[in-house]
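>>> The sequence isn't on hand, but the structure is:
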């Protein structure tokens, strides 16, 4: 069943009005018409099975049949702080991280990040990343669209980290040294609905100075297995491990 | 430390001879010279710390300092059978799957695979995928290069599956239905060194007919979390979950 995110104010008690790019997608790409069914999600963890009643060039109107049960969200909320990587890797990280259940993303201006976003281009870059998140959320049947936030400095990051119950920093030296642990202990300590902030370094990793600052702010260094992962793979590892722990082993308290 | 895979016959008792493309990489890209250290792995789970003694245009000679302990391989052997996907997704799957510890890959000619490799082009395609696996294995400090095999039919696949102690098939209907399980039970039943075959459908998924055949051959259907993953993300999920289970929780018997 095709899913679309619709602004909450467009979801009324008995029907839904879809506008914007999705109209063309429903009409021209999916070739749907009156009588066809689709799912409209409000991006706030509610979704409704709907039947199309009318299609025009500007809007699709649909009647709500019933609310759908939502089981697509990870029981814990994981926010990915990604050291800004080269090229289009951030697009990939947002797409795959959305599929794997991330709650939000913060690009992080790490010491070893080579890429810097020019102030005049931040809006356009965020628009593109948010579009990718919306499409990936629809495709993977998410009940919400992860938020893609403006890039943050280490100062902002450490300040905002105080609001998270759990904070980890991916640390590849533990992989090289054959030492592991960290991640399962953090997951074991998490209750359903709690928030976890996950910091991942850029291509060159985090500097010793950054690691010290994160440790002082009570971030727990965690190894991600015995191999050295590329920066764009690390968030997928953490999210897959969380799904395995909380959804498959079903460890949630 | 830079790592290179060297054919076992080029690793002698006290020194190593590196030839081929790696000579240019060592000399021109890494700008290393006599006295510099590197790691030479034989692709058979042995690696050696070496010091360069001589560089020519054709070869690099290095003295073995000592053998390196190997802890980079997953304690269980996971082979990915990937329903042939569109575009260059298979390259991505081989690269990321190598990073995450896969033992081998089989492209699978699934019922709903749109792509078919022309017989005359199979060799070239495999060469390219094997080069990607070698580079990813070096980059992620693997002790072996995963094997990329020729495409297989369901008949061949089911025949060869008899040699694996564990067999699973990723099944998204369990995610849609909110039913999970499968994967942790399989992992719990695995002993160190055992082999597991993991079948993943192409973009359109596996057909009911294929699922029946796999079930008849004792493949266990496993859900991969509560979201619908794209075909290229599924193998990463399984490998990350295996690393979490066997390396981080350290559940190996």
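Now that the structure is in, tell me what you want to look at. Everything numeric here is computed off the predicted structure, so don't read it as measured data. Numbers count the residues shown, from 1 in each chain, chains lettered A, B, ... in the order given.

>>> Would you map the strands across chain A?
All strands of chain A, identified by DSSP state E, fall at A:3-5, A:15-18, A:37-41, A:47-55, A:60-68, A:77-83, A:104-108, A:147-148, A:166-170, A:195-200, A:220-222.

>>> do you know which of these lies nearest chain B?
Across the strands of chain A, chain B has its closest neighbour in strand A:220-222 (8.4 Å, CB to the nearest CB). C-beta: built from backbone N, CA, C; applies to glycine.

>>> so how far is stretch A:76-87 from its chain's centroid?
Using CA atoms, centre = their mean, to the nearest Å, the mean C-alpha position of stretch A:76-87 is found 9 Å from that of the whole chain.

>>> Same question for stretch A:152-161.
A distance of 19 Å separates the centroid of the chain from that of stretch A:152-161, by CA atoms, centre = their mean.

>>> who are the neighbours in contact with the nearest residue to residue A:76 once chain neighbours are set aside?
Closest residue to residue A:76 apart from its sequence neighbours, by CB to CB, 6 or more residues apart in numbering or on different chains: residue A:190 at 5.2 Å. Contacts for residue A:190 (CB atoms under 8 Å, 6 or more residues apart in numbering or on different chains) come out as A:76, A:165, A:166, A:196, A:246.

>>> Would you mind finding the longest helix in chain A?
If you go by DSSP state H, chain A has its longest helix at helix A:122-139.

>>> which other helices and strands contact that helix?
strand A:3-5, helix A:89-99, strand A:147-148 (3 or more CB pairs under 8 Å, 6 or more residues apart in numbering or on different chains; DSSP states H and E).

>>> Lowest average confidence across helices and strands of chain A, where is it?
Within chain A, confidence by mean pLDDT, DSSP states H and E is lowest for helix A:172-176 among all helices and strands, at a mean of 58.

>>> quick one on the thing from earlier: let me have the strands of chain A in JSON lines, extended by distance to chain B and mean pLDDT.
Below are those laid out as JSON lines (distance: least, CB to the nearest CB, whole Å; pLDDT from 0 to 100):
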{"stretch": "strand A:3-5", "distance to chain B": "10", "mean pLDDT": "89"}
{"stretch": "strand A:15-18", "distance to chain B": "21", "mean pLDDT": "94"}
{"stretch": "strand A:37-41", "distance to chain B": "12", "mean pLDDT": "92"}
{"stretch": "strand A:47-55", "distance to chain B": "13", "mean pLDDT": "93"}
{"stretch": "strand A:60-68", "distance to chain B": "11", "mean pLDDT": "93"}
{"stretch": "strand A:77-83", "distance to chain B": "13", "mean pLDDT": "97"}
{"stretch": "strand A:104-108", "distance to chain B": "16", "mean pLDDT": "98"}
{"stretch": "strand A:147-148", "distance to chain B": "17", "mean pLDDT": "97"}
{"stretch": "strand A:166-170", "distance to chain B": "12", "mean pLDDT": "96"}
{"stretch": "strand A:195-200", "distance to chain B": "14", "mean pLDDT": "97"}
{"stretch": "strand A:220-222", "distance to chain B": "8", "mean pLDDT": "93"}
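
>>> Any chance of those in CSV with distance to residue B:234 and mean neighbour count as columns?
What follows is the strands of chain A, written out as CSV (distance: least, CB to CB, whole Å; neighbours: other CB atoms under 10 Å in any protein chain shown):
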stretch, distance to residue B:234, mean neighbour count
strand A:3-5, 19, 22
strand A:15-18, 30, 20
strand A:37-41, 22, 21
strand A:47-55, 23, 18
strand A:60-68, 24, 17
strand A:77-83, 19, 25
strand A:104-108, 22, 22
strand A:147-148, 24, 19
strand A:166-170, 22, 23
strand A:195-200, 22, 24
strand A:220-222, 24, 20
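
>>> nearest to residue B:16, of the contacts of residue A:190?
Closest approach between the contacts of residue A:190 and residue B:16, by CB to CB: residue A:196, at 44.5 Å.

>>> In contact with the closest residue to the closest one other than its chain neighbours, which residues?
Nearest non-adjacent residue to residue A:196, counting by CB to CB, 6+ apart: residue A:166, 4.0 Å away. Applying CB under 8 Å, 6+ apart, one finds that residue A:166 lies in contact with A:186, A:189, A:190, A:194, A:195, A:196, A:197.

>>> Save these as a markdown table, and put in distance to residue A:116 too.
Putting the contacts of residue A:166 into a markdown table (distance: CB to CB, whole Å) gives the following:
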| residue | distance to residue A:116 |
| --- | --- |
| A:186 | 31 |
| A:189 | 36 |
| A:190 | 34 |
| A:194 | 33 |
| A:195 | 28 |
| A:196 | 27 |
| A:197 | 23 |
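
>>> Looking at these, which two lie furthest apart in space?
Distance extremes for the contacts of residue A:166: the farthest pair is A:189 and A:197 at 14.2 Å, using CB to CB.

>>> Quick check: of the contacts of residue A:190, which lies closest to residue A:90?
residue A:196 (20.3 Å).

>>> That closest one is in contact with residue A:79, isn't it?
Yes. Residue A:196 is within contact range of residue A:79, at 7.1 Å (criterion: CB atoms under 8 Å).

>>> Common neighbours of these two, please.
residue A:164.

>>> Show me which residues of the stretch 101-250 of chain A sit near chain B.
Residues of the stretch 101-250 of chain A lying close to chain B by CB under 8 Å from any CB of the partner chain are A:101, A:139-142, A:176, A:178, A:180-184, A:223-230, A:233, A:236-237, A:240-241, A:243-245, A:247-250.

>>> Next, work out how far apart the spatially most central residue of chain A and chain B are.
When CA atoms, centre = their mean is applied to chain A, the residue found nearest the centroid is residue A:102 (3.1 Å). Taking CB to the nearest CB, to the nearest Å as the measure, residue A:102 falls 11 Å from chain B.

>>> One more: residue A:152?
Taking CB to the nearest CB, one finds residue A:152 at 26 Å from chain B.

>>> Looking at strand pairing, list the partners for the nearest residue to that residue once chain neighbours are set aside.
In space, and not counting its chain neighbours, residue A:152 is closest to residue A:106: 5.1 Å by CB to CB, 6+ apart. The bridge-partner assignment for residue A:106, based on DSSP bridges, gives residue A:81.

>>> Residue A:106 reaches residue A:82, doesn't it?
Yes. With contact defined as CB under 8 Å, residue A:106 reaches residue A:82; the gap is 7.2 Å.

>>> and residue A:215, what does it touch?
A:169, A:221.

>>> cool, residue A:152 as well?
Going by CB under 8 Å, 6+ apart, the list of residues near residue A:152 reads A:81, A:106, A:107, A:108, A:109, A:160.

>>> Name the residues linked to it by a beta bridge.
Residues in beta-bridge contact with residue A:152 (DSSP bridges): residue A:108.

>>> roughly how far apart are it and residue A:165?
Distance, residue A:152 to residue A:165, using CB to CB, to the nearest Å: 19 Å.

>>> do the same with residue A:125
Applying CB to CB, the value for residue A:125 to residue A:165 is 30 Å.

>>> Of the two, which one has the most company?
More crowded of residue A:125 and residue A:165, by other CB atoms under 10 Å in any protein chain shown: residue A:125, with 17 against 14.

>>> ok, that one touching residue A:116?
No. With contacts counted by CB under 8 Å, residue A:125 stays clear of residue A:116, the gap being 11.4 Å.

>>> and the strands of chain A as a markdown table, adding distance to residue B:13?
Output for the strands of chain A, formatted as a markdown table (distance: least, CB to CB, whole Å):
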| stretch | distance to residue B:13 |
| --- | --- |
| strand A:3-5 | 62 |
| strand A:15-18 | 72 |
| strand A:37-41 | 64 |
| strand A:47-55 | 65 |
| strand A:60-68 | 66 |
| strand A:77-83 | 43 |
| strand A:104-108 | 48 |
| strand A:147-148 | 55 |
| strand A:166-170 | 39 |
| strand A:195-200 | 42 |
| strand A:220-222 | 39 |
